[in-house]
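Engineer: Got a sequence here, can you model it:
(chains A and B)
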Number of protein chains: 2
Amino acid sequence: MKIAIYGYGNIGRGVETSVKFHKDIELLCVFTRRDPATIQTKSGVPVYSVNDILDYKDKIDVLIVCGGSATELLEMTPELTKNFNVVDSFDTHAKIPLHFATVDKVAKESGHVALIAGGWDPGLFSVNRLYASAVLPEGKDYTFWGKGVSQGHSNVIKTIDGVLDACQYTVPIEEAVEAVRTGKMPELTARQRHRRECFVVVTESADKTKIENEIRTMPNYFADYDTTVTFVTAEEFRKNYSEFSHGGMVIRTGKTSEKTHTIEYRLTLDSNPEFTSSALLALARAVNKKYVRGEYGCITMFDIAPADLSPLSDDELRAKIL
Amino acid sequence: MKIAIYGYGNIGRGVETSVKFHKDIELLCVFTRRDPATIQTKSGVPVYSVNDILDYKDKIDVLIVCGGSATELLEMTPELTKNFNVVDSFDTHAKIPLHFATVDKVAKESGHVALIAGGWDPGLFSVNRLYASAVLPEGKDYTFWGKGVSQGHSNVIKTIDGVLDACQYTVPIEEAVEAVRTGKMPELTARQRHRRECFVVVTESADKTKIENEIRTMPNYFADYDTTVTFVTAEEFRKNYSEFSHGGMVIRTGKTSEKTHTIEYRLTLDSNPEFTSSALLALARAVNKKYVRGEYGCITMFDIAPADLSPLSDDELRAKIL
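Structural biologist: Predicted coordinates:
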């Protein structure tokens, strides 16, 4: 099957990198909104302008939509679904029902398959929450993120006057994880579950005390957490705080009688964009299988039977993996 | 939806116990090969003879086939699929393709949905192996079992002359688990991954040295492992070694470039039969949904889209769990 990348940012480059291990998938090209002449891909695949995308309509089985932000995907994915099967990694949980409705309408009209909200959260974590709650209906689940960079939290710090750059790590609190594993189903506040570590580069004349205070008291983002602010130089920042590592875990504990059970799913990722991209490729495979079978409409990972994610046949899967 | 239990052993009783938390599922009755008059169910649901089962054909949406051993299921599941939608927990990995072929033929002829090999391994562990290998094709996965009782290993000890009772715990070796988590994809022998602890009750006149030697050198079962044998009294055995706790983990480490990622799925179960039964109930729900949609044939957990496992609607799942 043949895919193309729409948008050459972190996720787009991740797709380009990880596709070489998906032997059944060929990357055809990259589409960009920038001037294609200014972009040299790592793998050498050609770069075309998004304005020419319809010329490739019949050559592409699935388009991986790598919009730079969730806002962009709200418009981009439905538009592209008019002419392509698509996969996106839309990650604003609260807006998923809205995005689904918009994309579903277009996909049903155009006869395409569009997978939204692929990746690990939403994505693999969601799938694990679903399996765990279906198998243990009497229980409670907990999601921990990190240690890893939250782009949203980093960006909001950058909007503060005097801040040149910022990086925010979300860190799960080990005591909370341990409390959950006891099976006692504790009620945990946001502060008890995660802490936030901020590394900030400021201008020479900046008032550090004021900036630190502004970060730590910011509602929604930081006020409900134990937040530490560390000021670093631009040099230190570049060297130490531009990582892509991330991860987290979903734990559900539940009962079947007085007996308690724990289901734990954990990801430890060297590179969040590369892992997410590799997951999107497995989803592209499933989208293509569904399209070939004549299915259409918007779907999420909840609608994909696991077998559709694999390049192996059903017989091979039952013999080797079941 | 209405279910019935076929076979009132550990799994059958587990279904009876855990069904109360699956609010959308009603347990109608139990079928037994014994004299129904000799069985009093814990919940008070009626017990009928397997000979009368066809009288209930139109009242039961899904039959949970709780055969006492994998051998029984090879005959029982296809026979019952002639008249019912069924779920079984067939767990002899090597014979799954054979069992699938037999059941699939009957299910397609009779127009029923038959799920085989449900539970956690085969089952949830298999599903996690599939997701992990689809998302990280360049990698290696490892399955660890325990600490928990292996029925097969316990039974084989009981066949030795002079042995009255036996219980064998499979124990994962922590160093191996840690080595896997490093992401270096070590090659591990059976001995490096698990050890085996046997607790054995013998007759007064038994030759303990001979029995211990016979266990530890037994091919396939024990010779390839570090095996300890502890002799205990019948009283100690009853008190300490009749547990149902079990668990284990599936770990895959893989690369997308020089970057390494780890996916870890872990179960810690107070009661293996109760957890397995609760999983079978989620599978029964999916089987019923497929049947209502007009699907038929033999399936495994690989063929079930996660959404079908849940009592929630697709809209609710996207809004609450995705």
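Engineer: Tell me where the model's unsure across chain A.
Structural biologist: A:68, A:242 (pLDDT under 70).
Engineer: ok, the residue sitting nearest the centre point of it - contacts?
Structural biologist: By CA atoms, centre = their mean, chain A has its centre lying nearest to residue A:119, at 4.3 Å. For residue A:119, the residues meeting the contact criterion (CB atoms under 8 Å, 6 or more residues apart in numbering or on different chains) are A:89, A:91, A:276, A:279, A:280. Every residue, glycine included, has its C-beta placed from N, CA and C.
Engineer: hmm, which of the residues you listed are the buried ones?
Structural biologist: Buried residues within those, defined by neighbour count using 16 or more other CB atoms under 10 Å in any protein chain shown: A:89, A:91, A:276, A:279, A:280.
Engineer: and chain B, which of those residues reach it?
Structural biologist: residue A:279 (CB under 8 Å from any CB of the partner chain).
Engineer: from the buried ones among the contacts of residue A:119, which single one is nearest chain B?
Structural biologist: Distance from chain B was checked for each of the buried ones among the contacts of residue A:119 by CB to the nearest CB. The minimum falls on residue A:279, at 4.7 Å.
Engineer: Could you tell me which residues make contact with the closest one?
Structural biologist: By CB under 8 Å, 6+ apart, the neighbours of residue A:279 are A:118, A:119, A:120, A:123, A:124, B:135.
Engineer: And the fifth one, how close does it get to residue A:163?
Structural biologist: For residue A:124, the distance to residue A:163 equals 33 Å [CB to CB, to the nearest Å].
Engineer: The third one now?
Structural biologist: Relative to residue A:163, residue A:120 is positioned 29 Å away (CB to CB).
Engineer: Can you pick out the residue with more neighbours from those two?
Structural biologist: A side-by-side neighbour count of residue A:120 and residue A:163, using other CB atoms under 10 Å in any protein chain shown, places residue A:120 first with 27 against 19.
Engineer: Quickly list what that one is bridged to.
Structural biologist: According to DSSP bridges, the partner residues bridging residue A:120 are residue A:123.
Engineer: which residues does it contact?
Structural biologist: Listed by CB under 8 Å, 6+ apart, the contact set of residue A:120 reads A:267, A:269, A:275, A:276, A:279.
Engineer: contacting residues around residue A:16?
Structural biologist: With contacts defined as CB under 8 Å, 6+ apart, residue A:16 is in contact with A:5, A:27, A:30, A:41, A:42, A:43, A:45.
Engineer: give me phi/psi at the residue nearest to the centre of chain A?
Structural biologist: Here is the backbone geometry of residue A:119 (degrees, to the nearest 10): phi 130, psi -140.
Engineer: Repeat that for residue A:252.
Structural biologist: Dihedral angles (degrees, to the nearest 10) for residue A:252: phi -120, psi 130.
Engineer: Correct me if wrong: it contacts residue A:137.
Structural biologist: No - using CB atoms under 8 Å, residue A:252 and residue A:137 do not qualify as a contacting pair, with a distance of 10.3 Å.
Engineer: Break chain A down into its domains, please.
Structural biologist: As recorded under automatic domain parsing, the domains making up chain A are A:2-121+A:273-320, A:149-172+A:191-235.
Engineer: just these: most buried one?
Structural biologist: When you average the neighbours per residue for each of the domains of chain A (mean count of other CB atoms under 10 Å in any protein chain shown), domain A:2-121+A:273-320 leads with a mean of 20.
Engineer: Quick check: end-to-end length of that one?
Structural biologist: Counting by CA to CA, to the nearest Å, you get 27 Å between the two ends of domain A:2-121+A:273-320.
Engineer: Report the distance from it to the chain centre.
Structural biologist: When C-alpha coordinates are averaged (CA atoms, centre = their mean, to the nearest Å), domain A:2-121+A:273-320 and its chain have centres 13 Å apart.
Engineer: Can you list the residue ranges for helices in chain A?
Structural biologist: Taking DSSP state H as the test, the helices found in chain A are A:10-18, A:70-81, A:96-110, A:124-135, A:151-158, A:174-181, A:190-193, A:208-216, A:234-240, A:272-292, A:314-320.
Engineer: can you redo these as JSON lines with distance to residue B:301?
Structural biologist: Supplementary listing: the helices of chain A in JSON lines, determined by distance: least, CB to CB, whole Å:
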{"stretch": "helix A:10-18", "distance to residue B:301": "26"}
{"stretch": "helix A:70-81", "distance to residue B:301": "30"}
{"stretch": "helix A:96-110", "distance to residue B:301": "25"}
{"stretch": "helix A:124-135", "distance to residue B:301": "9"}
{"stretch": "helix A:151-158", "distance to residue B:301": "35"}
{"stretch": "helix A:174-181", "distance to residue B:301": "25"}
{"stretch": "helix A:190-193", "distance to residue B:301": "31"}
{"stretch": "helix A:208-216", "distance to residue B:301": "46"}
{"stretch": "helix A:234-240", "distance to residue B:301": "44"}
{"stretch": "helix A:272-292", "distance to residue B:301": "16"}
{"stretch": "helix A:314-320", "distance to residue B:301": "10"}
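Engineer: can you tell which of these is closest to residue B:37?
Structural biologist: helix A:124-135 (34.4 Å; CB to CB).
Engineer: Compute the inter-axis angle for that closest one and helix B:124-135.
Structural biologist: Between helix A:124-135 and helix B:124-135, the angle comes out at 160 degrees (axes from the mean of the first three to the mean of the last three CA atoms, to 10 degrees).
Engineer: Show me the contact partners of helix A:124-135.
Structural biologist: Helix A:124-135 has contacts (CB under 8 Å, 6+ apart) with A:117, A:139, A:141, A:143, A:248, A:250, A:252, A:254, A:263, A:265, A:267, A:279, A:300-302, B:124, B:127, B:131, B:135, B:263, B:265, B:275, B:278-279, B:282, B:285, B:306-307, B:309-311, B:317, B:321-322.
Engineer: How about stretch A:171-186?
Structural biologist: Stretch A:171-186 is touched from outside by A:139-140, A:142, A:144-147, A:188, A:192-197, A:248-249, A:251, A:253, A:260-262, A:264, B:268, with contacts defined as CB under 8 Å, 6+ apart.
Engineer: list the buried ones in that stretch?
Structural biologist: Neighbour-count burial for stretch A:171-186, with 16+ other CB under 10 Å as criterion, is recorded at A:171, A:172, A:173, A:176, A:177, A:179, A:180, A:183, A:185.
Engineer: ok, these vs chain B, which is closest?
Structural biologist: residue A:183 (8.2 Å).
Engineer: Endpoint to endpoint, stretch A:248-264 covers what distance?
Structural biologist: In terms of CA to CA, the two terminal residues of stretch A:248-264 are separated by 11 Å.
Engineer: Any residue of that stretch touching chain B?
Structural biologist: Yes - with CB under 8 Å from any CB as the measure, stretch A:248-264 is seen reaching chain B through A:255, A:256, A:257, A:259, A:260, A:261, A:262, A:263, A:264.
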